[in-house]
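> sequence and predicted structure below; questions after.
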Amino acid sequence: MQDDNGLPLEGLTVIDMSQFLSGPYCSLRLLDLGARVIKIERPDGGDLSRRLYLSDTEVGGDSTLFHAINRGKESLGIDLKNADDLAFLHHLLTKADVMIQNFRPGVIERLGLDYETVRAINPRLVYASISGYGEEGPWVMRPGQDLLAQARSGMMWLNGDESQGPVPFGLAIADMLAGSNACQGILACLVRRGITGRGAHIQTSLLESLVDFQFEVLTTYLNDGRRRPKRSDFRSAHAYLSAPYGVYPASDGYLAIAMTPIGRLQDLLDIEQLSPFRDDAKAWFTERDVIKKIIAERIATKPVQHWLDILEPADIWCSKVLDWQELLDSDGFGILDMLQTVTRQDNVSVGTTRCPVRVNGKRPKGGRAAPLVGEHTAQIRAEFAR
């Protein structure tokens with residue numbers, strides 16, 4: 001009988017030489033799917049993201065960001081300038097299945113840990129490199145930082161209202177997308193390795209990931225005379241979509257309305273002022289600010305639930321805009337079981353999220369928090385002693 005209790009990547013070892021967000025996000029997803037992740041850190045301070053604070057909160061001496069993205073991993077203290085440490089790392093790589101690095105181009109070569117060197121000692125290894133802008137070209141040595149990648153990607157002109165100028169996304173989205181893309185590439189190469197017995201080199205970057213993230217709108221731009229998208233200047237939610245697409249203030253909160261024929265909204269919301277636009281689909285775009293202001297004036301007169309009671313039974317795509325606490329308190333979120341508490345050997349406990357992927361109906365759990373710097377060094381050195 002098939003054992004459906006195990007996770008798909010159990011038995012695989014990942015050597016994570018990355019820091020900050022993109023590489024650690026990649027290894028976190030591999031860990032959630034069953035892989036063992038050994039995080040390589042400088043003994044004197046570790047990953048710089050341990051001190052990259054999102055607020056004035058720290059847990060056990062480390063930032064909440066570090067805890068969120070490095071839960072469940074093992075920490076191996078390695079001084080890359082020490083010959084003995086470097087030799088042990090080379091030995092460890094002969095036993096590993098995956099290596100992840102996000103050094104600035106040129107650094108990994110100087111360390112003697114580039115793909116060609118590592119492949120020579122372990123041809124089965126799947127090696128992933130994440131950079132800011134690729135490995136060649138005029139931007140190659142520019143800082144591969146999320147906000148700067150967003151700035152170069154063009155995507156800031158899709159957010160916010162037209163009068164606001166460029167608006168960045170409110171998350172480190174370049175890092176997360178690059179980590180996700182690297183993870184996809186690694187998994188594909190692991191499948192291929194099962195057929196050929198050979199490893200491979202996966203390469204992606206923050207910029208490439210942001211370009212791919214915009215594939216729908218960039219395809220429109222490339223085939224539409226390269227006209228720059230024009231955002232709505234009132235309650236904008238998508239540069240290319242017509243009214244009523246947007247978020248509207250009600251008397252007690254906010255209501256999001258997606259793609260909906262204006263005539264349907266006119267009837268359901270009893271808005272006579274929408275009559276000139278009822279059946280003119282072209283005007284839903286060219287006059288979208290006017291239309292949205294008319295809708296907003298009506299929505300503002302009643303609570304969100306009042307409008308949901310009208311729109312949802314009519315199969316109109318809409319939702320109350322929830323804040324985090326409202327999300328956490330909702331039945332829809334609760335049934336997903338997406339939160340967990342993880343602990344560390346020094347009794348530090350951290351509330352955090354769980355893997356978004358379910359395997360055979362079950363969501364992977366991880367009871368261990370992010371490690372102390374070098375917490376597992378002695379154990380790993382003993383296990384992999386030559």
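Now that the structure is in, tell me what you want to look at.
> contact partners for Val140?
By C-beta atoms under 8 Å, 6 or more residues apart in numbering, the contact set of Val140 is 105, 131-134. (Each C-beta comes from the backbone N, C-alpha and C, glycine too.)
> same check, this time on Gln345
372, 375.
> do you know the pLDDT at the residue of the chain positioned farthest from its centre?
Outermost residue of the chain with respect to the C-alpha centroid, by C-alpha atoms, centre = their mean, is Glu272; its distance is 43.2 Å. If you check Glu272, the pLDDT there is 97.
> do Ala258 as well
At Ala258, pLDDT is 98.
> check Ser209 too.
The model's pLDDT for Ser209 equals 98.
> distance of it from Asp146?
When distance is defined by C-beta to C-beta, to the nearest Å, Ser209 is 11 Å away from Asp146.
> need the overlap of contacts for the two.
Listed as contacting both Ser209 and Asp146 by C-beta under 8 Å, 6+ apart are Ala174.
> quick one on the thing from earlier: now rank the contacts of Val140 by neighbours and give me the top one.
Gly132 (25 neighbours; other C-beta atoms under 10 Å).
> tell me which residues touch that residue, please.
104, 139-140, 142-145, 148-149, 205-207.
> check Glu326 too.
Counting by C-beta under 8 Å, 6+ apart, Glu326 makes contact with Lys320.
> how about it, secondary structure?
Recorded secondary structure, Glu326: helix (DSSP: H, G, I helix; E, B strand; the rest coil).
> ok, now Arg124?
Of the three states, Arg124 takes coil under three-state DSSP.
> and the longest helix seen in the chain, average pLDDT?
In the chain, with assignment by DSSP state H, the single longest helix is helix 173-196. The predicted model assigns helix 173-196 a mean pLDDT of 98.
> the very next helix or strand once past that helix pairs with which strands?
As assigned by DSSP states H and E, the chain's next helix or strand after helix 173-196 is strand 200-205. Here strand 200-205 has these sheet partners by DSSP bridges: strand 126-131 (parallel).
> now the nearest residue to the residue farthest from the centre of the chain once chain neighbours are set aside: how far from Gly11?
Using C-beta to C-beta, 6 or more residues apart in numbering and skipping the chain neighbours, the partner closest in space to Glu272 is Gln266 (7.6 Å). Distance of Gln266 to Gly11, computed by C-beta to C-beta: 60 Å.
> okay, these two: which has more neighbours?
Neighbour count, other C-beta under 10 Å: between Gln266 and Gly11, Gln266 has more, with 19 against 11.
> which residues of the stretch 1-150 of the chain fall in helices?
In the stretch 1-150 of the chain, the helices defined using DSSP state H, counting those that start in this stretch lie at 22-32, 64-70, 83-95, 107-110, 115-121, 146-153.
> keeping just the C-alphas, turn the second one into CSV.
Below are the C-alpha coordinates for helix 64-70, written out as CSV (Å, rounded to 0.1, in the frame of the first residue of the first chain):
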residue,chain,number,x,y,z
THR,A,64,10.4,38.7,13.0
LEU,A,65,11.4,38.7,9.3
PHE,A,66,14.2,36.3,10.0
HIS,A,67,12.0,34.0,12.1
ALA,A,68,9.3,34.0,9.4
ILE,A,69,11.5,33.0,6.5
ASN,A,70,13.9,30.7,8.3
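> what does that helix contact?
Applying C-beta under 8 Å, 6+ apart, the set of residues contacting helix 64-70 is 21, 24-25, 28, 39, 47, 49-50, 52-55, 57-60, 342, 350, 352-353, 369-371.
> got it, and the first one?
Judged by C-beta under 8 Å, 6+ apart, the contacts made with helix 22-32 from elsewhere in the structure are 9, 12, 14, 16-18, 35, 37, 39, 47, 49, 69-73, 98, 100-102, 128, 130, 174-176, 178-180, 182-183, 186, 206, 354-355, 357, 364, 366.
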